[in-house]
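In: sequence below, structure please.
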Amino acid sequence: MTEILLPEPVLRPPEPAHHVDLAALAAELSAAVDGEVRFDAGSRAAYSTDASNYRQIPLGVVVPRTVEAAVAAIAVCRRHRAPLTSRGGGTSLAGECTNTAVVLDWSKYCHRLLEVDEQARTCLVEPGIVLDQLNAQLKPTGLEFGPRPATHNHCTLGGMLGNNSCGATAQRTGKTV
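Out: Take a look at the predicted model:
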């Protein structure tokens, strides 16, 4: 076996953390977003975990009523330089949807199948639609969204995109990406 010499790693000092004024962020989100803005301890605790052992308490939670409301929330977070993560409720099993950020939860209001183009074999959905509900609505067309993770009965397409979900069907249908 040949010995391989690797270069020394380059160490960079960490960037200073940006302080987010949570009260100002929550106030601006409440004024700008059509939806629920939750910065209370109970909501933050509920969104601090998924089905894994990981736990990161978010800055707050936004449950937009429309995709446009989520766009407004993103704009506010950007102005405040607040990190943001998107999830579909409890989509993940390995901590991917937990973060010290503002959580956008799509699953309560943004869960519709908007259009189906059978010829192109495509559909337009909102990110909070649950995989099994989507496939049930698509069944009459003969179409289905292929990846089927273990959480298929409650995972959302938005969460699947964020996690690049696949499951037992990956050999046949590929991953979400």
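
In: the helix or strand hosting residue 115: what's the following helix or strand?
Out: Using DSSP states H and E, residue 115 sits in strand 113-117. Counting by DSSP H and E, the next helix or strand C-terminal to strand 113-117 is strand 122-125.

In: contact partners of that next one?
Out: 112-117, 134, 138, 143, 157 (C-beta atoms under 8 Å, 6 or more residues apart in numbering). From N, CA and C alone the C-beta is placed, and that goes for glycine too.

In: highest neighbour count among these?
Out: Counting neighbours by other C-beta atoms under 10 Å, residue 157 comes out on top of the contacts of strand 122-125 with 26 neighbours.

In: could I get the contacting residues of it?
Out: 88, 125, 127-129, 131, 134, 145.

In: quick check: buried residues in the helix or strand of the chain with the lowest mean pLDDT?
Out: Within the chain, no helix or strand scores below helix 157-163, which has a mean of 82 by mean pLDDT, DSSP states H and E. Neighbour counts over helix 157-163 (16 or more other C-beta atoms under 10 Å) mark 157-160, 162-163 as buried.

In: got it, and stretch 143-156?
Out: Buried residues in stretch 143-156 (16+ other C-beta under 10 Å): 143, 145, 147-149, 151-152, 154-156.

In: stretch 104-123 now?
Out: 104-107, 109-111, 113, 116, 123.

In: how long is that stretch from one end to the other?
Out: Counting by C-alpha to C-alpha, to the nearest Å, you get 23 Å between the two ends of stretch 104-123.

In: pLDDT of it, averaged?
Out: For stretch 104-123, mean pLDDT rounds to 95.
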